[in-house]
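> Sharing a model prediction with you, sequence too.
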Amino acid sequence: MDYFPAFLKLDDQACLVVGGGETALHKVRLLSAARARVTVMAPGLCPGLQARVDAGEVQWLAARFDASALAGKRLVVAATGGDAVDRAVAAAAKQAGLWVNVVDRPELSTYITPSIIDRSPLVIAVSTGGGVPVLARLLRARLESLIPSGFGRLARFAAGFRQRVRERIVDTDARRAFWESVLEGPLAEEVMNGDEARAEREMLERLASADTRPRGAVYLVGAGPGNPDLLTFRALRLMQQADVVLYDKLVAEELLELVRRDAQRIYVGKERANHALPQEDINQLMVRLAQDGHRVLRLKGGDPFTFGRGGEEIETLAAHGIDFEVVPGITSASGAAAYAGIPLTHRDYAQSVVFVTGHRQDGSITLDWPALARPGQTIVVYMGVSTAPALCAAFIEHGLPADYPVAIVERATTARQRTITGTLATLPGLIEMHAVRSPALIIVGEVVKLAEKLGWYRRIGERD
Ligand code: SAH
């Protein structure tokens, strides 16, 4: 280990930053965040630093560097960018016995600063020993995505209970079990979502009974349209802490691989006309698993509240007093639009967009045709592959021209995406000719022409 990691307490400590540019500003920002008393020494200042000086947050010595400025300081930063000045600062500071950092010059510095992930009071510091700061920054970006933004709140919340938990649960193993059940369960999610008041009440109740059993909960999580890169951070995190995962047909294999390895996986199906588990059974299963103390992940294709029956599922959960949370996902209409190059709205071609289902109920498609079949509107049809002939005929019957533009996007956003464009008259034949299968979306509207106009297909390569 070339450097000894440490966190300095700089509260009200006098620090000197030499330099008046953007780099100096960045350092001043961090030092001020740690409540240091900062003096900047430079003949001139960038606007950001000037604003801080004007606001009285920072003192300014309007002069070139001079060692007399070191008197009474605890820490020094040289950020002038000029080799001679930086060297002079480093030498003078070392002589005065002060810790000095020269930005991007570890060889001149007596300390270096890490890349940080700030979830105060939780702070994670990453260092490559000053060798490859870009690598530290890349690693930082990865960690940022794994650590929820509310983690600082959680750290603060837990710290506030530390003493009480220690007094109430004396046995160390039991105490660890207690903290694990708190920090990995719904109570922690409540804190991170900002509902500390509720979490505090529950914490007190649990402490009173020294209850270390994990509390069950259901997370209804949108997995997006299929491409794993389109998951949300929150979805990924919940996938990695779930005990049980209930997934259906739309959830791709690659996505399931991101679920915690030892989580139990339950396929609850749903193919058209071949429901692996009726909805009511899925609802009851979730209730039972959560009551047994499991953290249940209900993983759904796209967005749970867009043709996802998420509404019905949470009704049952609420009726049984089960904790739940809904995590939105990118709905397939957004995914298909983006990846096929078809804007859903456009100033000239579509001022509104409507999502409908082409699924038959009792054998007929019940849609408000006159409201749908109008120009200046994009219609996205979910679950419409098998009813496409009836859909297209109905649109024409209700006034849209037979040559009105239509696209069908199969397995949108995945490596196997296919986009086929045609008209209301030709689409049914195209579906048959290309053997288009579910999942696919039909997009009806003049915006479809834009994808062709923009040469989108050539760019992403039509795979046919
Ligand atoms: N909740 C989902 C929709 C579920 S209904 C969402 O928000 O996307 C199932 C229908 O969604 C499918 O029949 C298909 O029309 C559409 N769909 C889902 N994923 C798709 C994908 N990757 N490509 C095209 N259509 C998709």
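Nice, thanks for sending it over.

> what are the ranges of the helices in the stretch 251-400 of the chain?
If DSSP state H, counting those that start in this stretch is used as the criterion, the helices of the stretch 251-400 of the chain fall at 253-256, 279-291, 310-319, 332-340, 369-372, 388-397.

> now the last one: mean pLDDT?
Over the span of helix 388-397, the pLDDT mean works out to 96.

> what does it contact?
With contacts defined as C-beta atoms under 8 Å, 6 or more residues apart in numbering, helix 388-397 is touched by 358, 365, 367, 369, 372-373, 381, 384, 402, 404, 406, 408, 424-425, 427-428, 431, 442, 444. For the C-beta atoms, the positions are set from N, CA and C on the backbone; glycine is no exception.

> same question, the first one
When contacts are taken as C-beta under 8 Å, 6+ apart, the neighbours of helix 253-256 outside the stretch itself are Ala223, Gly226, Pro228, Leu231, Val245, Tyr247, Arg265, Leu299.

> Would you mind listing which of the contacts of helix 388-397 are buried?
Buried subset of those (neighbour count, 16 or more other C-beta atoms under 10 Å): 358, 365, 367, 369, 372-373, 381, 384, 404, 406, 408, 424, 427-428, 431, 442, 444.

> Among these, name the ones in strands.
Secondary structure defined by DSSP state E assigns Val381, Val406, Ile408, Ile442, Val444 of those to strands.

> Format those residues as JSON lines; extra columns: distance to the ligand.
Rendered in JSON lines, the data for those read as follows (distance: C-beta to the nearest ligand atom, whole Å):
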{"residue": "Val381", "distance to the ligand": "7"}
{"residue": "Val406", "distance to the ligand": "14"}
{"residue": "Ile408", "distance to the ligand": "9"}
{"residue": "Ile442", "distance to the ligand": "8"}
{"residue": "Val444", "distance to the ligand": "13"}
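
> which residues are there in this structure that come within reach of the ligand?
Contact residues of the chain with respect to the ligand, defined by C-beta under 6 Å from any ligand atom, are listed as 225-226, 250, 300-303, 306-308, 331-332, 336, 382-383, 409, 411-413, 438-441.

> Which among the residues you listed count as buried?
225-226, 250, 300-303, 306-308, 331-332, 336, 382-383, 409, 411-413, 438-441.

> In contact with Glu196, which residues?
Arg153, Phe157, Glu190.

> Just the buried positions in stretch 112-129, please.
For stretch 112-129, the neighbour count (16+ other C-beta under 10 Å) marks Ile112, Pro114, Ser115, Ile116, Ile117, Arg119, Leu122, Ile124, Val126, Ser127, Thr128 as buried.

> May I have the distance across that stretch, first residue to last?
The straight-line separation of the ends of stretch 112-129 (C-alpha to C-alpha, to the nearest Å) is 8 Å.

> Quick one: mean pLDDT for that stretch?
Averaging the model's pLDDT scores along stretch 112-129 yields 88.

> So, low pLDDT: which residues of this protein?
Under the criterion pLDDT under 70, the flagged ranges of the chain are 270-276, 363, 455-464.

> Can you name the residue of it nearest to the ligand?
Across the chain, the shortest distance to the ligand (C-beta to the nearest ligand atom) belongs to Gly302, at 1.9 Å.

> so that residue sits right up against Gly224, yeah?
Yes. Applying C-beta atoms under 8 Å as the test, Gly302 and Gly224 come out as touching, 6.6 Å apart.

> burial count for the residue nearest to Leu297 when sequence neighbours are not counted?
Spatial nearest neighbour of Leu297, chain neighbours left out: Ala242 (3.6 Å); criterion: C-beta to C-beta, 6 or more residues apart in numbering. Under the neighbour criterion other C-beta atoms under 10 Å, Ala242 is assigned a count of 24.

> and the helices of the stretch 251-400 of the chain, which is most packed in?
helix 332-340 (a mean of 23; mean count of other C-beta atoms under 10 Å).

> Export only the CA atoms of it, formatted as CSV.
Once non-C-alpha atoms are left out, helix 332-340 reads as follows in CSV (Å, rounded to 0.1, in the frame of the first residue of the first chain):
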residue,chain,number,x,y,z
SER,A,332,-42.2,-1.4,-24.7
ALA,A,333,-43.8,1.5,-26.7
SER,A,334,-41.0,3.8,-25.6
GLY,A,335,-38.4,1.1,-26.2
ALA,A,336,-39.8,0.2,-29.7
ALA,A,337,-40.1,3.8,-30.7
ALA,A,338,-36.6,4.7,-29.7
TYR,A,339,-35.0,1.6,-31.2
ALA,A,340,-37.0,1.8,-34.4
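
> Work out the gap between it and the centre of the chain.
In this view, helix 332-340 has its centroid 19 Å away from the chain centroid, taken as C-alpha atoms, centre = their mean, to the nearest Å.

> try stretch 398-408
Using C-alpha atoms, centre = their mean, the offset of stretch 398-408 from its chain centre is 37 Å.

> buried set for stretch 177-188?
Taking 16+ other C-beta under 10 Å as the neighbour-count basis, stretch 177-188 is seen to contain the buried residues Phe178, Trp179, Ser181, Val182, Gly185, Pro186, Leu187, Ala188.
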